[in-house]
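J.: Generate coordinates for the sequence data below:
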Amino acid sequence: MVYTIMADEGYSGLASSKIIDGIEAYIVLKSPIISRNSDQEANVLIINHGYRKSVSVRMFIIDPKNDRKMVFESTFEILDKEMKIFPSESIKLPIGEDLGEYLVELYINENKVDRTTFIIADPSTREPFYFTIVWHHHQAPNYMPDGKIHSPWAYVYVWGGYLAPYGYGPYHYHALLLDRKRGFKATYNLSPSLLVQWLMAIEKGIETISGEKYSPTSFEVMRIKEALDNYREALYRGQIDVLTSLYAHTIAGFLVDVLDAGDIVDEELSYGKTLTKKAMGNNYEALGAWTPEMAFSMGLIHIYRANGIEYTVLDDKHHFYHAEGDKNSPYEPYLVLNTATGDYITVFFRDQDLSNIMSFHNNFPNEYNAWRNAYEFSLMIAKKWFNKNIQTLVLALDGENWMVFPRNPPYAAVFLDKLSDYLINMSKHDFIELSHLREIYEKVPARRVLKHIPTNTWLGTFKKWRSEKEDHEKYWIEVAKRYRMIRAYERMIGGRDNKSKKARWALWHALDSDYWWAEFWSPMIIKTWLRKFDSVIEPILKKIRINDIRVLGDPIEGLETKASIEIINDFEKDIRIAVRIGGLGIEVLGSGSIKPLVIKAKNKYSRDIRIKFLQWGKAIISAALTIDGFLIDSKSIEVDVKPHVRPNPV
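T.: The predicted structure is shown next:
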């Protein structure tokens, strides 16, 4: 009897794990696509989940004409619990000159356990398409206002043993892979808030809120320095392109379209680009930007251009297919033109299907299954060669999460190691041009123009950041209040100052999208930074107040009199402010407001207002200080109005 065990439901991949009579086995080939008259080689990867036994191995190949022949047969002993690459030397596959797809089948003890394909093609019949993976390395600014680290992901994803025995954390592993395989070109977004945490560690060390400390010379921090040095060196030798981004990972299109907060996006991008330049050294100027969460709006184009950004990456499904303009396929760059401003930017569209396979179908039960999946994934890329409309194939995904979130993170490292080999091989044989975005931007000019891309994210919705959690809306309202408050403050003082810069800095942190993502919802962190904002602005606003309202003379029903209002500015700057007068039972003669006026620093202002009481008894006089619709202070007084008694007739 043959016993078959399918893979645990927790595992996922293009090639599933299947155990028959205690044996798990896979075919892996040298390359998923080769040219005519090239060599093709195969290996058998075998895992014995049971006791020592004899294993019969047969391999068949079926050519494009459907002719089937056996290309390998052997029997050998495998020890209990042994993992074995068989045979010791790769199997040379006898192949003809026929172009097309070849099927390879593997039999173990008469049971067909695996099958895959490879392609024989003529690379001279078309230009290779440009290929790059955009790795999005990001962490929120995970420190408190005092600089202590509350969530150490920027660090433990460098030095942590997530990928042991193949490496440390994913950030370090990527950097090491670039050093080991210099033919592997790729694109990296090293997010500015990640870079600043690395620089903090390298320059000053690390202190966490729990009291842990790491000096700049500690083993852990030296791994951070080693990783950053490797990224820098890869950049200098032209192996990678490094993108920049907003300082904190905020949903920029949402800020522009919903909060009208384009200035926040602009200043965060400017600061982020400065940090990228500092961290990468050598006077590096990023030309490309990662749009966090791919939360794009047409309103971003002007901001990008103003900051020297020339290209970004968006999603094919949620951006390209709903765009308007001269469209061909998502496999070429496009100029996206804002017709209202005349600004434009080049956009590359990622292949969502391929990107999501890497992102979410990566639970491999063992090293051999990871290797087999790397081959199958590279085969999917190779098959794109037949589509002659493809000029550029871009994948884009998180650089770290896909490696640390699976059940067995180390096997994600094996997958990436083997995938990079397959990509290098395909590039050497002119089927793809392994590249990075800057190189593609320079070599493949955009020839088509899109005039509108809808505001959207890689997820196809903003609900993950607004509405999935019960308190989402409450906190967005709190953010909107602070944003309007800082705009009012700056209007009041006639520009920005150190206080407003500190308040904006706090707001950047509260807006990081990782804190709003439903599964990582972090209201305490958001609240901490909103309180920091309040601690900067509220004490200033309390220095601007209505000190006194009083009636000059007797308050008598129906007769004109005057009310005096006194405003105090205890702040060290001149302010520009509007005053509104109103109340119950009174009529303000003339305008109910005083045109915006300037009150000198450390000074007071008094003004008499003509009023008339409409009734006798109780009346209320109110005054308010406002700027841009924001109420800074208000005061009301109750007045005992006398009835009007007409004079004697004679």
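
J.: per-domain residue ranges of the chain.
T.: With domains defined by automatic domain parsing, the chain comprises 4-124, 129-360+399-452, 472-541, 544-641.

J.: so of the ones you listed, which one's packed in deepest?
T.: Compared across these, domain 129-360+399-452 shows the largest average neighbour count, a mean of 20 (mean count of other C-beta atoms under 10 Å). For the C-beta atoms, the positions are set from N, CA and C on the backbone; glycine is no exception.

J.: picking that back up, put together a markdown table for the domains of the chain, with mean pLDDT on each row.
T.: What follows is those, written out as a markdown table (pLDDT from 0 to 100):
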| stretch | mean pLDDT |
| --- | --- |
| domain 4-124 | 90 |
| domain 129-360+399-452 | 98 |
| domain 472-541 | 97 |
| domain 544-641 | 93 |
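
J.: Arrange the ones you listed in a markdown table, one row each, with distance to V650 as further columns.
T.: Below are the domains of the chain laid out as a markdown table (distance: least, C-beta to C-beta, whole Å):
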| stretch | distance to V650 |
| --- | --- |
| domain 4-124 | 105 |
| domain 129-360+399-452 | 68 |
| domain 472-541 | 58 |
| domain 544-641 | 22 |
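
J.: what's the closest of these to Y375?
T.: Ranking those by proximity to Y375 (C-beta to C-beta) places domain 4-124 first, at 5.1 Å.

J.: Which parts of the stretch 151-300 of the chain are helices?
T.: For the stretch 151-300 of the chain, applying DSSP state H, counting those that start in this stretch gives helices covering 153-159, 170-180, 192-204, 219-236, 252-257, 262-280, 300-306.

J.: do the same with the stretch 401-550 of the chain
T.: Using DSSP H, counting those that start in this stretch, helices in the stretch 401-550 of the chain cover 401-404, 409-428, 437-443, 472-493, 498-510, 513-516, 523-541.

J.: give the contact list for K469.
T.: Residues in contact with K469 (C-beta atoms under 8 Å, 6 or more residues apart in numbering) are 518, 521.

J.: For it, give me phi and psi.
T.: Per-residue torsions, K469: phi -100, psi 140 (degrees, to the nearest 10).

J.: how close does it sit to K532?
T.: According to C-beta to C-beta, to the nearest Å, K469 and K532 sit 22 Å apart.

J.: any chance you could map the strands in the stretch 501-650 of the chain?
T.: Applying DSSP state E, counting those that start in this stretch to the stretch 501-650 of the chain gives strands spanning 544-552, 560-569, 575-584, 586-588, 593-599, 603-613, 617-627, 630-641.

J.: Minimum distance to D326: which of those strands has it?
T.: Ranked by C-beta to C-beta, the member of those that lies closest to D326 is strand 630-641, at 44.8 Å.

J.: partners of the closest one in the sheet?
T.: Strand pairing for strand 630-641, using DSSP bridges, gives strand 617-627 (antiparallel).

J.: sorry, back to before: with G160 as the reference, name the closest of the helices of the stretch 401-550 of the chain.
T.: helix 401-404 (8.4 Å).

J.: helices or strands next to that closest one in the packing?
T.: Counting contacts by 3 or more C-beta pairs under 8 Å, 6 or more residues apart in numbering; DSSP states H and E, helix 401-404 packs against helix 170-180, helix 352-360, helix 409-428.

J.: so can I have CSV of the ones you listed showing distance to E519?
T.: What follows is the helices and strands packed on helix 401-404, written out as CSV (distance: least, C-beta to C-beta, whole Å):
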stretch, distance to E519
helix 170-180, 19
helix 352-360, 14
helix 409-428, 18
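
J.: Which of those sits closest to Y157?
T.: Closest to Y157 of the helices and strands packed on helix 401-404 is helix 170-180 (C-beta to C-beta; 5.1 Å).

J.: returning to what we had before: so which of the strands of the stretch 501-650 of the chain comes closest to K451?
T.: Nearest to K451 among the strands of the stretch 501-650 of the chain is strand 630-641 (36.7 Å), distances taken as C-beta to C-beta.

J.: quick one: the closest one to chain centroid distance?
T.: Strand 630-641 sits 48 Å away from the centroid of its parent chain (C-alpha atoms, centre = their mean, to the nearest Å).

J.: Now do that strand: everything it contacts.
T.: 484-485, 488, 492, 541, 544-546, 549-551, 555-557, 577, 583, 585, 613, 615-626.

J.: again with stretch 231-243
T.: The contact list for stretch 231-243, computed with C-beta under 8 Å, 6+ apart, reads 134, 175, 178-179, 182, 184-190, 276, 280-282, 284, 286, 288-290, 436-439.

J.: do the same with stretch 274-291
T.: Residues contacting stretch 274-291 (C-beta under 8 Å, 6+ apart): 134, 136, 138, 187, 189-192, 195-196, 198-199, 228, 231-232, 235-236, 241-245, 247, 252-253, 269, 273, 300, 304, 307-314, 437-438, 441.

J.: Sounds good, over and out.
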